[in-house]
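**Student:** Build me a structure from this.
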Amino acid sequence: MPKTEAATFGAGCFWCVEAVYERLPGVQSVVAGYAGGTTKNPTYKEVCSGATGHAEVAQITYDPSVISYEQLLAMFWKSHDPTTLNRQGADVGTQYRSVIFYHDNAQRKAAEKSLKEVQKEFDDPIVTQIEPLKEFYEAENYHQDYYKNNPNAPYCTFVIRPKLKKLKLE
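**Tutor:** Residues are numbered from 1 along each chain as shown. Alright, predicted model coming up:
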């Protein structure tokens, strides 16, 4: 078994983040979930209320001998607009914030360096938060592999598929 590591990113709706990262070589699994809030074991309905403080996130398990954390970060910046506060497209609320939850000090340093470097590519300031991952809560089963299981759902057709095409992942 290859050694694996984990990365946790929030970049809008977790269905989109999951669909992007599931297509990258070296990524072994992607789990939709919640992080960054105060409510223990939150439900989707609670997170959508904005009262939990949690963001929708994807936790990515990857093989660092195939894909590096820095490469995952590069896709993070390309796959959403990190300059919009608490919003990605029509998804609005703190649960859709741009956030990198680091698992250790090396990830924190890499995320901070990456943000500083990629800021040059944006006219507006990047509002992405970089925070330690304290707790990750797996989302309900119907959120897992959402795009794979519901490719013709309206959100998949009008939001996820165009994003994957733009990123040349579909």
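
**Student:** how about residue 159, secondary structure?
**Tutor:** helix (DSSP: H, G, I helix; E, B strand; the rest coil).

**Student:** Repeat that for the one 4 residues further on.
**Tutor:** In three-state terms, and counting by three-state DSSP, residue 163 is helix.

**Student:** How about the contacts made by the closest residue to it other than its chain neighbours?
**Tutor:** Of all residues not flanking residue 163 in the chain, residue 16 sits nearest, at 5.9 Å (Cβ to Cβ, 6 or more residues apart in numbering). The way it works is simple: take the backbone N, C-alpha and C, and place the C-beta from them, glycine included. For residue 16, the contacting residues are 79-80, 88, 159-160, 163, taking Cβ atoms under 8 Å, 6 or more residues apart in numbering as the criterion.

**Student:** Between those residues, which sits nearest residue 115?
**Tutor:** Closest approach between the contacts of residue 16 and residue 115, by Cβ to Cβ: residue 80, at 13.4 Å.

**Student:** Give the bridge partners for residue 61, please.
**Tutor:** residue 6, residue 29 (DSSP bridges).

**Student:** how close does it sit to residue 14?
**Tutor:** Residue 61 sits 15 Å away from residue 14, going by Cβ to Cβ, to the nearest Å.

**Student:** Same drill for these two, tell me which one is more crowded.
**Tutor:** residue 14 (28 against 14; other Cβ atoms under 10 Å).

**Student:** for the protein, what spans make up the helices?
**Tutor:** 14-21, 44-48, 69-78, 105-118, 146-149, 154-155, 161-166 (DSSP state H).

**Student:** Could you export the third one as PDB, CA atoms only?
**Tutor:** Just to be clear, that refers to helix 69-78. What follows is the C-alpha trace of helix 69-78 in PDB, where atoms were taken according to Å, rounded to 0.1, in the frame of the first residue of the first chain:
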ATOM      1  CA  TYR A  69       0.000  18.800  -1.900                       C
ATOM      2  CA  GLU A  70       1.300  21.800  -3.900                       C
ATOM      3  CA  GLN A  71      -0.400  20.400  -7.000                       C
ATOM      4  CA  LEU A  72      -3.600  19.900  -5.100                       C
ATOM      5  CA  LEU A  73      -3.300  23.600  -4.000                       C
ATOM      6  CA  ALA A  74      -2.800  24.700  -7.600                       C
ATOM      7  CA  MET A  75      -6.100  23.000  -8.600                       C
ATOM      8  CA  PHE A  76      -7.800  24.600  -5.600                       C
ATOM      9  CA  TRP A  77      -6.900  28.100  -6.900                       C
ATOM     10  CA  LYS A  78      -8.000  27.200 -10.500                       C
END
